[in-house]
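Asker: need a 3D model of the following:
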Amino acid sequence: MNVEERKNLSSTVIQNLVLENREKLSISGVLDVLSFDDQVVIVETELGLLNVKGENLRINKLSIDTSEVVVEGDIYSMTYSEKNLDKKGSSLIGKIFK
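Answerer: Model prediction:
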């Protein structure tokens, strides 16, 4: 997805990320939770994949009907990536053997 496509998409999609004291993250515009454990939560949103990293992470609320997820724990980082990016192709070794 190039910059123009992202600008067009972002003008029609509203997504909110609310981080409270680095302990509670409320996310709207969620399509699916792809994976989670106590250190990483990967959420598919309308604007791309959102990786949340930290410690003692847990999903406190999950509502696909209302497109909301609440993650609690010690949150260290939040990073977006493209929807069509797969894990195999994202690493250097994956790109070499692609």
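Asker: ranges for the helices of this structure?
Answerer: For the chain, the helices defined by DSSP state H cover 3-12, 87-90, 92-96.
Asker: mean pLDDT lowest where, among those?
Answerer: Lowest mean pLDDT of the helices of the chain: helix 87-90, a mean of 47.
Asker: tell me where the longest strand sits in the protein.
Answerer: Looking across the chain with DSSP state E, the single longest strand is strand 48-63.
Asker: Provide the strand pairings for that strand, with the direction of each partner.
Answerer: strand 40-45 (antiparallel), strand 68-81 (antiparallel) (DSSP bridges).
Asker: can I get stretch 32-49 as PDB, trimmed to CA atoms?
Answerer: Taking Å, rounded to 0.1, in the frame of the first residue of the first chain, the C-alpha atoms of stretch 32-49 are listed here in PDB:
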ATOM      1  CA  ASP A  32      -9.000  -9.700  14.300                       C
ATOM      2  CA  VAL A  33      -6.500 -10.700  16.900                       C
ATOM      3  CA  LEU A  34      -3.900 -12.800  15.000                       C
ATOM      4  CA  SER A  35      -1.800 -13.900  18.000                       C
ATOM      5  CA  PHE A  36      -1.000 -13.000  21.600                       C
ATOM      6  CA  ASP A  37       1.100 -14.100  24.500                       C
ATOM      7  CA  ASP A  38       2.400 -12.300  27.600                       C
ATOM      8  CA  GLN A  39       5.000 -10.300  25.600                       C
ATOM      9  CA  VAL A  40       3.500  -9.700  22.100                       C
ATOM     10  CA  VAL A  41       0.000  -9.000  20.900                       C
ATOM     11  CA  ILE A  42      -0.600  -8.800  17.100                       C
ATOM     12  CA  VAL A  43      -3.900  -7.200  16.000                       C
ATOM     13  CA  GLU A  44      -5.200  -6.800  12.500                       C
ATOM     14  CA  THR A  45      -6.700  -3.400  12.100                       C
ATOM     15  CA  GLU A  46      -8.300  -1.500   9.300                       C
ATOM     16  CA  LEU A  47      -5.100   0.500   8.900                       C
ATOM     17  CA  GLY A  48      -2.600  -2.500   9.000                       C
ATOM     18  CA  LEU A  49      -1.100  -4.900  11.500                       C
END
